[in-house]
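In: curious how this folds, go ahead:
(chains A and B)
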Amino acid sequence: MARKSKKSEIIFIIVIVILLTALGLGIFSYFYFDKKIEEKEKNNKKIITETQSKEEILKSKEEEMIILQNELDEYNNLDKKIEDLKKEYYSSIKDLEDAIISGKSNKKIAYLTFDDGPYYNTYKVLDILDKYNVKATFFTTSINGENCYDKKSEKCYPLYKEYIKRGHTIANHTYTHGIWSGLYKSVDSFINAVSKQEEHVKNMTGGYITRIVRFPGGSSTAGKLKNSIIEALKKKGYGWVDWNAQDGDGGDLSTKEQAWSNLKSSINENIEVILFHDYHPITTEILPEVIEYLQKNGYILLPLFYESNMINK
Amino acid sequence: MKKVFMIVLLLTSIICSYIGINKYIEYNGKKTEKNNIEKIENEIKEVEVKISEKKEEVNKAKEDNKEILKEVEIWQEKVKKVKSYLS
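Out: Coordinates of the predicted model:
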């Protein structure tokens, strides 16, 4: 009996120990793994935050790469950029013309045009235009050949590149300017002279294309052939322009006063196409004052362009 | 009395064990975030090297195109001027 009682005591103690151990382990596990969970969550949060930060850095670096690549592409496409800017420039001038013509703008434009060059004197004209940062249009012809008509010891062909270098428009005044030597004999003789001058300009400049023509002597000089020539020019993609103001240097001009009188009496439109000749000493002499006069009277001085409303197409 | 004590102890130890085991299961079930930081840092270093090379290319292109860039500036100024007449 006593042995049985001792046995059950031992079993009882063992069970108590087991139960207490289980209880202890349960409590320990709870707090231990709770802490472990907290640590894990903290670690995860840290990893997530750091990863996000690094990913943001990586993203900004990749964006920097894209910007640099775009910059590099731009440098590799600068010729196209210049062409686009030129289009935008002339398109904006056309918009200005439209606004002036429709009365929406009170601005005024004057297109300075110089016929019959290049001459040696053209360098002087170019220097004056540079001084005022004014761009003009030069209606060129090859009547004088390679040597400058006004200084035979000098070559005038380099002036074609000079026109472009200084930002002016080169236009077509026919190869021969042969008013009295068959230019207006037929439509073909005129068109051939235009084509030859275009080829000449291309050769002199490395590819510049002239699309604006001025009839030597003005379009009325073509007489009965005028309309046919105009049709032929249109078919070849040329536009043409006369003038609506001048200082008279294409005729008998002997004094500055005469030049000023001719000029002031002919300037009365909001868009002027002014005729000059770049060989004429009086024109060259009064040119600075002409520019100042026009600008003082609100004229914006610009070079002609094919899309201009002043070019007949 | 002994029996009551035993029952209470049994119940308590069952509950505690259950709670403990649950916590363990919860711990094991918690996802450990994959540490890609080193991988991303290596990618950053690679991109930085590429950026450095690209910057050199850009500087060279800028140098080689100095004259054309001046022309671009001139035309940009011209456009700006004409547009100012329109406003």
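
In: those helices in chain B, which residues are they?
Out: Taking DSSP state H, the helices of chain B run over residues B:2-29, B:37-64, B:66-86.

In: now those helices as TSV including distance to chain A and mean pLDDT?
Out: For every residue, glycine as well, the C-beta is placed using N, CA and C. Converted to TSV, the helices of chain B look like this (distance: least, C-beta to the nearest C-beta, whole Å; pLDDT from 0 to 100):
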stretch	distance to chain A	mean pLDDT
helix B:2-29	3	89
helix B:37-64	4	94
helix B:66-86	4	92
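
In: and the ones you listed as a markdown table, adding distance to A:D84 and mean neighbour count?
Out: Conversion of the helices of chain B to a markdown table gives the following (distance: least, C-beta to C-beta, whole Å; neighbours: other C-beta atoms under 10 Å in any protein chain shown):
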| stretch | distance to A:D84 | mean neighbour count |
| --- | --- | --- |
| helix B:2-29 | 62 | 14 |
| helix B:37-64 | 19 | 14 |
| helix B:66-86 | 9 | 14 |
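
In: hey, where'd the helices end up in the stretch 51-200 of chain A?
Out: Using DSSP state H, counting those that start in this stretch, the helices assigned to the stretch 51-200 of chain A run over residues A:78-102, A:122-131, A:159-165, A:187-205.

In: can you redo those helices as a markdown table with distance to chain B and mean neighbour count?
Out: Supplementary listing: the helices of the stretch 51-200 of chain A in a markdown table, determined by distance: least, C-beta to the nearest C-beta, whole Å; neighbours: other C-beta atoms under 10 Å in any protein chain shown:
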| stretch | distance to chain B | mean neighbour count |
| --- | --- | --- |
| helix A:78-102 | 4 | 16 |
| helix A:122-131 | 13 | 18 |
| helix A:159-165 | 10 | 18 |
| helix A:187-205 | 15 | 18 |
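
In: compare these and report which one is nearest to A:Y149.
Out: A:Y149 lies closest, by C-beta to C-beta, to one member of the helices of the stretch 51-200 of chain A: helix A:122-131, at 10.6 Å.

In: now the helices of the stretch 51-200 of chain A as a markdown table including mean pLDDT?
Out: Shown next, in a markdown table, are the helices of the stretch 51-200 of chain A (pLDDT from 0 to 100):
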| stretch | mean pLDDT |
| --- | --- |
| helix A:78-102 | 94 |
| helix A:122-131 | 96 |
| helix A:159-165 | 94 |
| helix A:187-205 | 95 |
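
In: quick one: which of those helices is nearest A:L253?
Out: The nearest among these, by C-beta to C-beta, is helix A:122-131 at 15.6 Å.

In: how would you label the residue of the stretch 201-313 of chain A found nearest chain B: helix, strand or coil?
Out: Chain B sits closest to A:I300 of the stretch 201-313 of chain A, with a gap of 6.0 Å, by C-beta to the nearest C-beta. Secondary structure for A:I300, judged by DSSP: H, G, I helix; E, B strand; the rest coil, is strand.
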